[in-house]
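Q: A predicted structure for the sequence below; I have some questions about it.
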Amino acid sequence: MKKKLEKTLAMSVLLALGSTGCVFAAPTAEDTDARIAALEQQQQELAKELKALKSENKKLKNQSNSQKKQIKGMKNSVNEALNRFSLHGFGRLSWDNDNIKGYIDRNDNRRFYMDLQGKFKVNDKWNFNFESETNPRYANSVMADGTVKSHTGHDDEDGVIQRVWAEGDIGQVHVDAGRRWRGLGFQNVLFGNESDGVVLSTPIPKSKLRASAFYLSPTDKGYDVSLSGLGISGTVGHGLQINCAIVRNSEGRNNSIGTNVYDKTSTFKLEGTDITIKDLKGSLKGGGTFHAYLKEKDPLTGEHEGYGEFNSDDHPFQIYYSEELKGKADISGTLTQTDSYSTYRNTMGSYGFVLSAMWNPLKNIFLIGDYARTNAKSYVVGEWGANGYAETKYDKHACTALRLNYRWSNINDPGSFQLYGRYFDYARNVNSLVGMFGDKEWGLLQPGSHGWVIGCKYVPAKNIEWETMYEYATAQNTLYGHKNDTYHRHFLRTQIDYHF
């Protein structure tokens, strides 16, 4: 029966082919059987190929599903990694015009600046952070005495990672540990500086306040102090917020707070066998191996005649002498140099505190006030200046900062703006400190100054903020021999920040 059906099917195929216009000779029975056998063979081969294709298709489907799972897993891993890491910060273009008097570069803050911060999510409770600052100055150095130096760069221009710290929670206690910039009070008058240390904070039950304890060491070069203390911050009601702290210095009021690495004295000792000094009174200073000849000061010109030779190709030689130098010297030998540094007087005291508050009495009106004080000892600095010997008293140790804000700018809201006026009165300090390392806001606010700052902020486009400010203050001249002099400081700054 099966064979009959197959023959019938074959005959039907042949007839169908014939109906399409193909011409065939009348087949014999043998031809028909042969053709049917060939078709059967092809059918078997096609069945084998179909079976192989089905098997291959199954394998491909399995591989496709496996690849989809792998791709999905990779996407999840990548997304998880991206979610664990974030970058943000801002770039700044800044221009200043300043008539400050002191050993300071008036163009120091004409600069391009970038602050880059990164956050790594360790788990649901802990993050690890880093910060990198790049700070190239674009103007020549101009000192208050009129000295102009070509711009040679700064140590903070290379964009390395300067700060790293961890943040996380242990129960109800928030932990902030490592090196970063930290501040106390709303305006950072008592302390606003980079520091190494740890801050622990926790909410106070049944209130909108947080209590904190901290141990911080400022990283400024040469200083060797640690500051520990307690703080309280948060809302107390009726639009009033507070941010207060009391601080203890690790050094007593009579102790040094570090080494002044910028005030070096070099002492030279001459060792040699060919030394002749005749009636020489005064002091000689130099460096290296040298042969020098000095004669008495010419009574007409007031200058010393002579010269010094340096017996090395590695370093230039200079010889210095006091104004009272008299006599004659023939010297050859080797000078050994010993460097010593002055120490910083404790102008911070052993204790300090800041009382800081912000009040919002009316819509868009904000009042901010900070009062910081230390128990530093009063002291006197005596110097010989152009007008002879003078003593400068440092007997005030309080700093006050008041601010009135109208509105706040918002980088996510183009067209938003802020207007502000500020009054400040900072005690003068021979170490140029505000409080206990208070923030001087890139040179805007200086110790020994009191006056006003007016300014505005404007957001022309999303994530772009433009700020301009002007300061008029009575300031202390910090040049040697002029510390009792005051002058009117005029300071103008304009800058544009690009947030990302």
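A: Sure, I can see it. Residues are numbered from 1 along each chain as shown.
Q: next, give phi and psi for G197.
A: phi 160, psi -160 (degrees, to the nearest 10).
Q: how about L445?
A: Dihedral angles (degrees, to the nearest 10) for L445: phi -110, psi 120.
Q: pLDDT value on it, please?
A: pLDDT for L445: 97.
Q: how about the secondary structure of A34?
A: Secondary structure, DSSP: H, G, I helix; E, B strand; the rest coil: A34 is helix.
Q: brain fart, A139
A: coil.
Q: ok, E56 next?
A: helix.
Q: and it, how close does it get to V160?
A: 57 Å (Cβ to Cβ, to the nearest Å). Every C-beta, even on glycine, is put in place using the N, C-alpha and C of the backbone.
Q: equivalent analysis for C399, please.
A: C399 is 32 Å from V160, by Cβ to Cβ.
Q: and what of T474?
A: 39 Å.
Q: more neighbours: those two, which one.
A: Set side by side, T474 and V160 show more neighbours around T474, with 13 against 10, by other Cβ atoms under 10 Å.
Q: I'd say that one and W452 touch.
A: No - in this structure, T474 is not within contact of W452 by Cβ atoms under 8 Å, at 10.3 Å.
Q: in contact with E157, which residues?
A: With contact set as Cβ atoms under 8 Å, 6 or more residues apart in numbering, E157 has these partners: 134-137.
Q: export those as a markdown table, with columns for pLDDT.
A: Formatted as a markdown table, these follow (pLDDT from 0 to 100):
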| residue | pLDDT |
| --- | --- |
| T134 | 93 |
| N135 | 91 |
| P136 | 90 |
| R137 | 89 |
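Q: which among the residues you listed end up buried?
A: Buried by 16 or more other Cβ atoms under 10 Å: 134-135, 137, out of the contacts of E157.
Q: spatially central residue for this protein, please.
A: Residue closest to the average C-alpha location in the chain (Cα atoms, centre = their mean): E133, at 3.8 Å.
Q: phi first, then psi, for it.
A: Torsion angles, degrees, to the nearest 10, at E133: phi -110, psi 130.
Q: tell me how far it lies from L116.
A: Distance from E133 to L116, by Cβ to Cβ: 8 Å.
Q: for V247, same thing?
A: 30 Å.
Q: just want to know which of those two has more residues nearby.
A: More neighbours surround V247 than the other of V247 and L116, with 26 against 17 (other Cβ under 10 Å).
Q: if we can go back for a sec, ok, the buried ones among the contacts of E157 vs A376, which is closest?
A: N135 (30.7 Å; Cβ to Cβ).
Q: correct me if wrong: that closest one contacts N109.
A: No - checked against Cβ under 8 Å, the pair N135 and N109 is beyond contact range at 9.2 Å.
Q: who are the neighbours in contact with the spatially closest residue to S256 that is not a sequence neighbour?
A: If you skip the residues right next to it in sequence, S256 has T343 as its closest partner in space, 3.9 Å away by Cβ to Cβ, 6 or more residues apart in numbering. By Cβ under 8 Å, 6+ apart, the residues touching T343 are 256, 258-260.
Q: from those residues, pick the one nearest N83.
A: Out of those, the member with the shortest distance to N83 (by Cβ to Cβ) is G258, at 43.4 Å.
Q: ok, and the closest non-adjacent residue to that closest one?
A: Y223 (3.9 Å).
Q: run through the chain and note the low-pLDDT ranges.
A: Applying pLDDT under 70 to the chain picks out residues 1-27, 29, 152-156, 268-336.
Q: show me the helices in it, by range?
A: 2-19, 29-83 (DSSP state H).
Q: among those helices, which is nearest I232?
A: Between the helices of the chain, helix 29-83 lies closest to I232; by Cβ to Cβ that is 34.5 Å.
Q: now do the closest one: which elements does it pack against?
A: helix 2-19 (3 or more Cβ pairs under 8 Å, 6 or more residues apart in numbering; DSSP states H and E).
Q: the stretch 151-300 of the chain: strands as residue ranges?
A: Remark: strands assigned in the stretch 151-300 of the chain by DSSP state E, counting those that start in this stretch are 161-170, 173-184, 191-203, 208-218, 227-237, 240-249, 259-281, 284-285, 288-297.
Q: contacts for the fourth one next, please.
A: Read that as strand 208-218. With contact meaning Cβ under 8 Å, 6+ apart, strand 208-218 is reached by 182, 191, 193-204, 225-236, 242, 245, 437.
Q: filter those down to the buried ones, ChimeraX style.
A: To isolate the buried members of those in ChimeraX, using 16+ other Cβ under 10 Å:
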select :182,191,193,194,195,196,197,199,201,225,227,229,231,232,233,242,245,437
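Q: if you count neighbours, what's buried in stretch 486-499?
A: Applying 16+ other Cβ under 10 Å to stretch 486-499 flags 486, 489, 491, 493, 495-497, 499 as buried.
Q: end to end on stretch 207-225, go ahead and measure it.
A: Using Cα to Cα, to the nearest Å, one end of stretch 207-225 lies 34 Å from the other.
Q: and that stretch, which residues are buried?
A: For stretch 207-225, by 16+ other Cβ under 10 Å, it's 212, 214-219, 223, 225.
Q: now flag whichever of those is closest to Y389.
A: Using Cβ to Cβ, those come closest to Y389 at Y223, 29.8 Å.
Q: go ahead and confirm that closest one touches T347.
A: No - contact criterion Cβ under 8 Å: Y223 and T347 do not qualify, at 11.3 Å.
Q: give the intersection of the neighbour lists for these two.
A: Joint contacts of Y223 and T347 (Cβ under 8 Å, 6+ apart) are I257.
Q: tabulate the contacts of E157 (TSV), appending distance to W359.
A: Below are the contacts of E157 laid out as TSV (distance: Cβ to Cβ, whole Å):
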residue	distance to W359
T134	37
N135	35
P136	40
R137	39
